[in-house]
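> When you get a sec, could you give me coordinates for this:
(chains A and B)
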2 protein chains.
Amino acid sequence: MENFAFYNPTRVYFGKDETGRVGKECAQYGKKVLLTYGGGSIKKNGLYERVLTFLKSENMEVFELSGIQPNPRISSVREGIDICKKEGIDIILAVGGGSVLDASKIMAAGARYNGDPWDFFTKKAAPTPGFPLGTILTLAATGSEMNHNAVITNEETEEKWAVVNPAIFPTFSILDPVNTFSVPPDQTVNGICDIMAHLFEQYFHNTPESPLQDRMNEAVMTTIIEYTPRVLHKGEDYDARAVIMWAGTLALNHLLESGVKDDWSTHNIQHELSAIYDISHGAGLAIIFPQWMKYVMDIIPHKFARFGNQVWNLSHDGRTEREAAQAAIDRTKSWFKEIGAPVSLQEVGIGPERLDEMAEKAVSRGPLGSVKPLYKEDVLKILQMCL
Amino acid sequence: MENFAFYNPTRVYFGKDETGRVGKECAQYGKKVLLTYGGGSIKKNGLYERVLTFLKSENMEVFELSGIQPNPRISSVREGIDICKKEGIDIILAVGGGSVLDASKIMAAGARYNGDPWDFFTKKAAPTPGFPLGTILTLAATGSEMNHNAVITNEETEEKWAVVNPAIFPTFSILDPVNTFSVPPDQTVNGICDIMAHLFEQYFHNTPESPLQDRMNEAVMTTIIEYTPRVLHKGEDYDARAVIMWAGTLALNHLLESGVKDDWSTHNIQHELSAIYDISHGAGLAIIFPQWMKYVMDIIPHKFARFGNQVWNLSHDGRTEREAAQAAIDRTKSWFKEIGAPVSLQEVGIGPERLDEMAEKAVSRGPLGSVKPLYKEDVLKILQMCL
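Predicted coordinates:
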């Protein structure tokens, strides 16, 4: 096991009807709330009205910033910070998926900073902690509700970069599975691909003696595979939505990576894809991950073989370790296909034109990953395998 | 899954050499530190001297309270609070196992309270949050290093009661497996019995649709069973000590119980045993748990059967569910025996004389548990089965 530090102060309120506590929770921090959300799906499903009612019952003054995009942009963040500063906002309440949450985290970090929030990404400045941020999650995917990560796209530079800093944990997060009932199947699938990819990033590593991390990760992966058909079959299956929602949080609240060397090269490659093409994060991950697996397989074949056995329930009988590893990777790809995710760039209309540019950008801050450090030519090969 | 709230702000520093950061961590909170510890084993193994050196290199003024007993007493807590108040202590640093940590948690809670700390147990008052508490763990067992529980014995009333309150989370905890190298086998076993018992309390429940909680719990149990022979064979096996240490923390940082109805009746019965007889907590749990399992088995036979299969690797072939459940319980008892724990009251010299009194006391605040609510006659029967 590797040494690690673990710290996660987010308060989580999980379950049916927990949304009802949002007014009282927010009111603890002041009177002025900035409500942030995306394209308006919360208006269609009634959540927007309910949240407003809860906030107003505590006499909160509500300001709004809507239209935060998937692959959220630094321009939205700047807009939110301007409102916080101009109106003297006391707490930001993000209602949405990872994009809304990530953008709101950087708004909170920037609300008391006298510079441009992109500085946090270029490391010109560190995020300022302490500005209250509540979240109501509406999509199981990024784990943003209980972690200190935020990924933002700078549309001017076509860069999609991450901040990982303890200053940006949400203060509290409300995880009410009912709020994910109306997520359509394609978005549900994107979220699930993202969750699985988070688990993969932390599962495929070189660290010896990590039985707790490996088995707990397998526990979450196995559960997702078991429950995915249920949420796709019936969006209003409370128990299945609840399991997938909590799985998404556990997949990236940093517990599973504590004590192992995680990888994250696939995520970094994917960020280049969606910075240029604006495809969904989950789709990009489903395309790239099986190819990354193939590319690094021979470094940790035992881990891929074990993965096949423990997670996919594949027998090792009559197979070499390498064959078992290959079978596990094939099964991963076929599962992505089964649940409706794309598994090639062609399927999402991306050709070879800009692969070189993406590979170049992906390694602009150094080689990626830890299982096998990936340089430009490695990234390019993986992207070519994705065609 | 059940609704739940999860909140755990303790900072954990895990691994070899992490002890070295204790001076700088403590110095963040002020100059005066109260160092609390137990019977002096930390003087024998050199940890005491090292901690003093680290604290003094930051010019901390060190006060001491030693002699905190296993099954820590409210009188020790009162003593610590007196020092905090008299000397104007800025931070308490607890170096030890669960007993030292639990006592220090209540000292921290009481350092700014103008009444008697037993009030927190009788619920006359709520613990005051915010007094800094650091810990250096020296025994993998109670999980106290990353939770908001403390169990204290009132020696005057022979009551062993718990406080569970977010005010008493340690501020930070240093988990350096090297600090457990010199724990002798019998104490290592007690700790492991305690850890397994925590997992059992959260695993045997009636909550449907809890695959994440169940599988993650199984991951931890399976790992403990795998690594216990190694720590018993060689106390200085770093990787094995590390795995057991982190397992102990995960077993009771409230993650695994989040979303299920945990039980805790066995712990409550055990508290009565050790309040009167001063036997080790782990030993008491190893004696009582298999009998509790038998007593409630027919309510959730499927869970016990699954436990046998997933954790003990027992085949169900040719067995009814009830037989499989029984086999799992038998295996649990034989494992406790194998690792050197007692499995009957007779082995620890306890006869039937005071069972009735213990049963009476155990339910003095209402029936125990959730799998099957236990009344006095149930507790008495379980205790009699333990003879």
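
> So what's the residue count around the residue in the stretch 251-387 of chain A that chain B sits nearest to?
Residue of the stretch 251-387 of chain A nearest chain B, by C-beta to the nearest C-beta: residue A:259 (6.6 Å). Bear in mind the C-beta positions are built from the backbone N, C-alpha and C, glycine included. By other C-beta atoms under 10 Å in any protein chain shown, 22 other residues sit near residue A:259.

> these two touch, right, it and residue A:207?
Yes - Residue A:259 lies in contact with residue A:207 (C-beta atoms under 8 Å); the separation is 7.2 Å.

> in which helix or strand would I find residue A:289?
helix A:281-296 (DSSP states H and E).

> If you average the pLDDT over that helix, what comes out?
Averaged across helix A:281-296, the pLDDT comes to 97.

> Repeat that for stretch A:102-113.
In this model, stretch A:102-113 has a mean pLDDT of 97.

> Name the next helix or strand following the helix holding residue A:289 along the chain.
That would be, after helix A:281-296 and using DSSP H and E, helix A:301-310.

> Now do that next one against helix A:281-296, angle only.
130 degrees (axes from the mean of the first three to the mean of the last three C-alpha atoms, to 10 degrees).

> helices or strands up against helix A:301-310?
The helices and strands touching helix A:301-310, judged by 3 or more C-beta pairs under 8 Å, 6 or more residues apart in numbering or on different chains; DSSP states H and E, are helix A:211-233, helix A:321-338.

> how about the CA coordinates for that helix, as PDB?
Extracted in PDB, the C-alpha atoms of helix A:301-310 (Å, rounded to 0.1, in the frame of the first residue of the first chain):
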ATOM      1  CA  PRO A 301      -1.800  -8.800 -17.100                       C
ATOM      2  CA  HIS A 302      -2.500 -10.400 -13.700                       C
ATOM      3  CA  LYS A 303      -4.700  -7.400 -12.800                       C
ATOM      4  CA  PHE A 304      -6.700  -7.600 -16.000                       C
ATOM      5  CA  ALA A 305      -7.100 -11.400 -15.600                       C
ATOM      6  CA  ARG A 306      -8.300 -10.900 -12.000                       C
ATOM      7  CA  PHE A 307     -10.700  -8.200 -13.300                       C
ATOM      8  CA  GLY A 308     -12.200 -10.700 -15.700                       C
ATOM      9  CA  ASN A 309     -12.700 -13.200 -13.000                       C
ATOM     10  CA  GLN A 310     -13.900 -11.000 -10.100                       C
END
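
> Show me the contact partners of that helix.
Contact with helix A:301-310 is made by A:203-205, A:214, A:218, A:222, A:293, A:297, A:314-316, A:321-322, A:324-329, A:331, as judged by C-beta atoms under 8 Å, 6 or more residues apart in numbering or on different chains.

> Do you have the helices of the stretch 1-150 of chain A handy? List them.
A:22-27, A:41-44, A:47-56, A:74-87, A:98-110, A:119-122 (DSSP state H, counting those that start in this stretch).

> Please identify the deepest-packed of these.
When you average the neighbours per residue for each of the helices of the stretch 1-150 of chain A (mean count of other C-beta atoms under 10 Å in any protein chain shown), helix A:98-110 leads with a mean of 29.

> rewinding a little: out of the helices and strands packed on helix A:301-310, flag the one nearest residue B:171.
Closest of the helices and strands packed on helix A:301-310 to residue B:171 is helix A:211-233, at 24.3 Å (criterion: C-beta to C-beta).

> what's the following helix or strand past the closest one packed up against?
Next in sequence after helix A:211-233, counting helices and strands by DSSP H and E, comes helix A:238-250. Helix A:238-250 sits against strand A:4-14, strand A:172-175, helix A:185-203, helix A:211-233, helix B:211-233, with contacts defined as 3+ C-beta pairs under 8 Å, 6+ apart.

> can you give me the angle helix A:238-250 makes with helix A:98-110?
Put simply, helix A:238-250 runs at 40 degrees to helix A:98-110, going by the same axes, to 10 degrees.

> Go ahead and measure how far helix A:238-250 is from the middle of the chain.
14 Å (C-alpha atoms, centre = their mean, to the nearest Å).

> Can you flag the buried ones in the contacts of helix A:301-310?
A:203-205, A:214, A:218, A:222, A:293, A:297, A:314, A:324-329, A:331 (16 or more other C-beta atoms under 10 Å in any protein chain shown).

> Leaving out chain neighbours, which residue sits closest to the residue nearest the centre of chain A?
Chain A has residue A:142 as the residue nearest its centroid, 2.1 Å off, counting by C-alpha atoms, centre = their mean. The shortest distance from residue A:142 to any non-neighbouring residue, by C-beta to C-beta, 6 or more residues apart in numbering or on different chains, is to residue A:98 (2.8 Å).

> Could you pull up the contacting residues of the residue nearest to the centre of chain A?
A:97, A:98, A:101, A:102, A:149, A:194, A:248, A:252, A:281.

> I'd like to check which residues are in contact with the second one.
Okay, so that is residue A:98. Residue A:98 neighbours (C-beta under 8 Å, 6+ apart): A:139, A:141, A:142, A:143, A:144, A:151, A:194, A:281.
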